[in-house]
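Chemist: the sequence isn't on hand, but the structure is:
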């Protein structure tokens, strides 16, 4: 298509091969049975009284299409209606509502991190950079445009090092961070050399230095969190070691840091440690990292380190480089006094000790602490529990708009000092397939080990079906950034883990069971989210969005069109969508999809046409802002 850089043969959900595939999968015996029944009832009806025959004239029988046979069977109190409901444009007399393109000024619009709105909130502790979402009346009813000249990103792993200038048309970082080797501008593209403020020899060499101090190779470290990530080079280079990092940074004066990360194909979110908990469960990450992230760790009663402690797994590591570490060497370059830097490090050491952390090593520019595997000894040693005190008994996973507290998050009880609080997990990749401790312990209401095993089998079958309907899902490199809007136990992501892609697993805050902790215990990543609000990410973040019963969950909670407009905002041009819903609800979804200018098709459930749940496969068509729009900064 116009403006595209790659020669993909793009998946189209309405192409003829899909219909052929569905016909091949039709059960021959079922088809024969339907034809027999149609013929039988036709002959049977031919001798019925006239009144009965007239009553059947309002029903349309289609003895050819088995896929429409089941789609309109309602409860037993209503008349049976066998009319095909797969046509969304004219059902129920509705016309398709079209959604125009927004102004080009909105091409990088992030509703809950809008810079103008943020100025209404306090600057103290960076509260103004937290999530502040628009009111319902402020929601846009238009499609966010891509910049003129937008191109499909480079395939992974090339995307780690390259991004098109037209996709993120900002040069500020190339000037501001020029000496730190973050990013370079080269003609029509950006290059990411892998440098950083504290790793001038590149992220790979920096990670090698970490690997000399703690084991990064045995699978014991799988999930990591990078606070103040910049362009996420640390996370990008960890991926080759089978370690996946959740990188985040605020939307600030450094234009588009997180957008660059996502354009590179690296997991990232817009975020900041301020007054609210990070949107992750407790005991989620094996490793936390800060490389000159400029967070005042020792201030405010150590509240920021307390939050890191909450999300860090028992036995997990916290890595700090940059001020004040090795201040004796750098204090002049940092333009701070020796006394100031020494005091800052003393504060950090004091807070870490109060959290029962053990300082493992400080070597060169790196300092590493380790969280204890339980609080068995801490609770019996008064000097560790006085400041901060242990939090009252509460849900440590509650994190959506929850205030950070200046108390130590309790770890699950243990019976001995050698026992891992909350249960030990296997090294990667074994942990992916083992029953998560949160499930085996029964701490997630309604989720049992049997349900977990059933979910594993379920998603193997579903992914296999998805790849036959959309064969490009099975082509390495076609999709890189994926989003699962209602992840449950992460089965969708787990079934794709061998492919060169990553999945952001979302557990909606409205979901009946909070399963995000179990997802992290499997070695996957994700975040909490309410789909009545926008996600903390830039437009055009994801190549494929998966939505399993999302609209059922949000029925009567918020508007369907607002959820789909948000999906359109964060989906790349020519990105794909898979939506699973009851057929009646899916018809309404398709109507909105048509209004968004998505090419879409409803297909049968993987278990056949007699299942009411159907799937919508869609593609967002390529479009950009007009050629005369001014995008450069």
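Modeler: That came in fine, so what should we check first? Please read all numbers here as calculations on a predicted model, not as lab measurements.

Chemist: which helix or strand contains the residue lying closest to residue 359 once chain neighbours are set aside?
Modeler: Distance criterion Cβ to Cβ, 6 or more residues apart in numbering; nearest residue to residue 359, sequence neighbours excluded, is residue 369 at 5.2 Å. Heads up, the C-betas are built off the backbone N, CA and C, glycines and all. Following DSSP states H and E, one finds residue 369 within strand 366-370.

Chemist: can you count the residues close to residue 612?
Modeler: Neighbours of residue 612 under the rule other Cβ atoms under 10 Å: 16.

Chemist: where's it relative to residue 604, distance?
Modeler: Residue 612 is 11 Å from residue 604, where distance means Cβ to Cβ, to the nearest Å.

Chemist: poorly predicted segments of the chain, please.
Modeler: 1-9, 16-94, 173-180, 252-255, 380-386, 629-633 (pLDDT under 70).

Chemist: cutoff 50 now
Modeler: The chain contains residues with pLDDT under 50 at 1-3, 5, 7, 16-17, 19-26, 28-29, 43-93, 632-633.

Chemist: test my guess that residue 434 contacts residue 425.
Modeler: Yes - the pair residue 434 / residue 425 is scored as a contact, 7.4 Å apart, by Cβ atoms under 8 Å.

Chemist: so the two - more neighbours on which side?
Modeler: Neighbour tally, residue 434 and residue 425, criterion other Cβ under 10 Å: the higher count belongs to residue 425, 23 against 15.

Chemist: quick one, phi/psi of the more buried one?
Modeler: phi -120, psi 150 (degrees, to the nearest 10).

Chemist: was I right to think it contacts residue 520?
Modeler: No - using Cβ under 8 Å, residue 425 is not in contact with residue 520, being 9.4 Å away.

Chemist: mutual contacts of those two, please.
Modeler: Counting by Cβ atoms under 8 Å, 6 or more residues apart in numbering, residue 425 and residue 520 have no contacts in common.

Chemist: just the helices in the stretch 351-500 of the chain please.
Modeler: Remark: helices assigned in the stretch 351-500 of the chain by DSSP state H, counting those that start in this stretch are 382-385, 430-433, 437-440, 449-469, 491-494.

Chemist: rewinding a little: counting contacts, what elements does the strand holding residue 369 pack onto?
Modeler: Under the contact criterion of 3 or more Cβ pairs under 8 Å, 6 or more residues apart in numbering; DSSP states H and E, strand 366-370 touches helix 203-211, strand 312-321, strand 358-363.

Chemist: ok, and what's touching it?
Modeler: 209-210, 213-214, 315-321, 325, 352, 357-362.

Chemist: and for stretch 461-480?
Modeler: Contacts for stretch 461-480 (Cβ under 8 Å, 6+ apart): 8-11, 13, 18, 21-22, 25, 153, 155-156, 159, 265, 491-492, 495-496, 499-502, 543-544, 576, 578, 603, 606, 615, 617.

Chemist: and the residues you listed, which of them are buried?
Modeler: The neighbour count (16 or more other Cβ atoms under 10 Å) marks 10-11, 13, 18, 22, 153, 155-156, 159, 265, 491-492, 495-496, 499, 501-502, 543-544, 576, 578, 603, 606, 615, 617 as buried among the contacts of stretch 461-480.

Chemist: isn't residue 337 up against residue 327?
Modeler: No - with contact defined as Cβ under 8 Å, residue 337 does not reach residue 327; the gap is 9.6 Å.

Chemist: for the protein, longest strand please?
Modeler: strand 571-582 (DSSP state E).

Chemist: helices and strands around the very next helix or strand once past that one, which ones?
Modeler: For strand 571-582, the following helix or strand on the C-terminal side (DSSP H and E) is helix 583-595. Contacts defined by 3+ Cβ pairs under 8 Å, 6+ apart place helix 583-595 against helix 550-553, helix 560-570, strand 571-582, strand 598-603, strand 613-620.

Chemist: what about residue 527, distance to residue 278?
Modeler: Plainly put, residue 527 is 9 Å away from residue 278 if you go by Cβ to Cβ.

Chemist: ok, now residue 496?
Modeler: Relative to residue 278, and taking Cβ to Cβ, residue 496 is found at 25 Å.

Chemist: go on, residue 440?
Modeler: Look at residue 440 and residue 278: by Cβ to Cβ, they are 26 Å apart.

Chemist: of those two, who's got more company?
Modeler: A direct count of neighbours by other Cβ under 10 Å for residue 440 and residue 278 places residue 278 higher, at 25 against 16.

Chemist: give me the phi and psi angles of that one.
Modeler: Dihedral angles (degrees, to the nearest 10) for residue 278: phi -70, psi 150.

Chemist: again with residue 238
Modeler: According to degrees, to the nearest 10, residue 238 has phi -70, psi -30.

Chemist: I figured it hits residue 223, correct?
Modeler: No - counting by Cβ under 8 Å, residue 223 is not a contact partner of residue 238; they are 10.3 Å apart.
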